[in-house]
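**Student:** sequence first, then the predicted structure:
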Amino acid sequence: MNAPGVEHFQSPVEDHLARLNETPDFIIADPPRAGLGKTVVSHLARLRAPQLTVVSCDPATLARDLAGLTGYKIESLTLIDLFPQTYHLETIAKLAPG
């Protein structure tokens, strides 16, 4: 059951974003280690939500995805070490148009 004002969709993200014509107020993306990918990045850049947060477990794919999100600036980066004594870091990038 959805909470009031919240909608739930089950489809590949590429398909959902391609059908989306209205700009959401907020988007949070938590991609797999391979990152968002070119198609998703281009849809996110097209939609230009006023708040976009990307959670990443791979700094290299995060850097690649952020480079493709033209029109956005990084407001903050938060690094979370969930696996101490390993090289794995979660990164939360808060973006805004700019």
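**Tutor:** That came in fine, so what should we check first?
**Student:** ranges for the helices of the chain?
**Tutor:** In the chain, the helices defined using DSSP state H lie at 13-19, 38-47, 59-68.
**Student:** how about a markdown table for those, with distance to residue 77 added?
**Tutor:** In short, each C-beta sits where N, CA and C put it, glycine included. Below are the helices of the chain laid out as a markdown table (distance: least, CB to CB, whole Å):
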| stretch | distance to residue 77 |
| --- | --- |
| helix 13-19 | 23 |
| helix 38-47 | 18 |
| helix 59-68 | 9 |
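**Student:** so the residue lying farthest from the centre of the chain versus residue 56, what's the distance?
**Tutor:** In terms of distance from the mean C-alpha position of the chain, residue 85 ranks first, at 26.7 Å (CA atoms, centre = their mean). In this view, residue 85 and residue 56 are 20 Å apart by CB to CB, to the nearest Å.
**Student:** how about the helices of the chain in CSV, adding mean neighbour count and distance to residue 7?
**Tutor:** Output for those, formatted as CSV (neighbours: other CB atoms under 10 Å; distance: least, CB to CB, whole Å):
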stretch, mean neighbour count, distance to residue 7
helix 13-19, 14, 11
helix 38-47, 17, 15
helix 59-68, 16, 24
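**Student:** report pLDDT for the residue farthest from the centre of the chain.
**Tutor:** We have a pLDDT of 89 for residue 85.
**Student:** quick check: end-to-end length of stretch 39-58?
**Tutor:** From its first residue to its last, stretch 39-58 covers 18 Å (CA to CA, to the nearest Å).
**Student:** which residues does it contact?
**Tutor:** 13-14, 17-18, 20, 23-31, 33-36, 62, 65-66, 68-72, 88-97 (CB atoms under 8 Å, 6 or more residues apart in numbering).
**Student:** likewise for stretch 6-16?
**Tutor:** 2, 37, 39, 40, 43.
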